[in-house]
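Q: When you get a sec, could you give me coordinates for this:
(one chain, ligands or ions: 2)
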Amino acid sequence: MPDLDVLLTRLDPDLPLPAYAHPGDAGADLRTTVDVRLAPGERALVPTGVALAVPQGYVALVHPRSGLAARHGLSVLNTPGTVDAGYRGEVKVLLVNLDPREPLELRRGDRVAQLVVQRVEQVRFVEVDTLPGSERGDGGYGSTGGFGRAAAPGPSATEESS
Ligand SMILES: O=c1ccn([C@H]2C[C@H](O)[C@@H](COP(=O)(O)OP(=O)(O)OP(=O)(O)O)O2)c(=O)[nH]1
Ligand SMILES: [Mg+2]
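A: Ligands and ions are numbered 1, 2, ... in the order given. Below is the predicted model of the structure:
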């Protein structure tokens, strides 16, 4: 049951508005207003035919659709794309064909991505000389190990498999 109004203008009156496929879904599907052919590895910034006034304190994020990603390698290059509250231009989707072999033909009206609206904080950045300590410290980028699989038998059995 939606409880937040997001004002929208339709720049392409013949296409349906962004819509949630099921009640309670996080993402509302966005459609391309144009036909696009993406060669393997190719990207394109495609228009969606809508402009939004996202309320202050919220952001609209442009996410890929998992079915198109799994079946065709279609993704959003800058995923998730950020539509700021102050942005009044047309929402666009930076599509990329990550399939190494197959070109992808998209037609006007196809649901190519999904829009997730969520709350967001704007913070005050406060410069200090020394940060408070933490258990993790500066460990990152794999500091806790890899996949955590049982070590396979063989020459590297003594090392943790990554
Ligand atoms: O997938 C996206 C990403 C961005 N935008 C629009 C809305 C967003 O508010 C604006 C700027 O996006 P972003 O801040 O990610 O791009 P930038 O390269 O930093 O541009 P700018 O200098 O305009 O902020 O572009 C979209 O329509 N779709
Ligand atoms: Mg920016």
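
Q: ok, which stretches of the chain are helices?
A: 66-72 (DSSP state H).

Q: who in it is up against ligand 1?
A: Val62, Asn78, Gly81, Thr82, Val83, Asp84, Tyr87, Val91, Lys92, Val93, Leu94 (C-beta under 6 Å from any ligand atom). All C-beta atoms are positioned from the backbone trio N, CA, C, and that covers glycine.

Q: Next up, the contacts around Thr48.
A: Pro18, Leu30, Arg31, Thr32, Thr33, Glu90, Val91, Lys92, Val93, Ala113 (C-beta atoms under 8 Å, 6 or more residues apart in numbering).

Q: Using a markdown table, lay out those residues together with neighbour count and pLDDT.
A: What follows is the contacts of Thr48, written out as a markdown table (neighbours: other C-beta atoms under 10 Å; pLDDT from 0 to 100):
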| residue | neighbour count | pLDDT |
| --- | --- | --- |
| Pro18 | 24 | 97 |
| Leu30 | 28 | 98 |
| Arg31 | 24 | 98 |
| Thr32 | 23 | 98 |
| Thr33 | 19 | 98 |
| Glu90 | 15 | 98 |
| Val91 | 22 | 98 |
| Lys92 | 18 | 98 |
| Val93 | 25 | 98 |
| Ala113 | 29 | 98 |
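
Q: Point out the ones among these that are inside strands.
A: Leu30, Arg31, Glu90, Val91, Lys92, Val93, Ala113 (DSSP state E).
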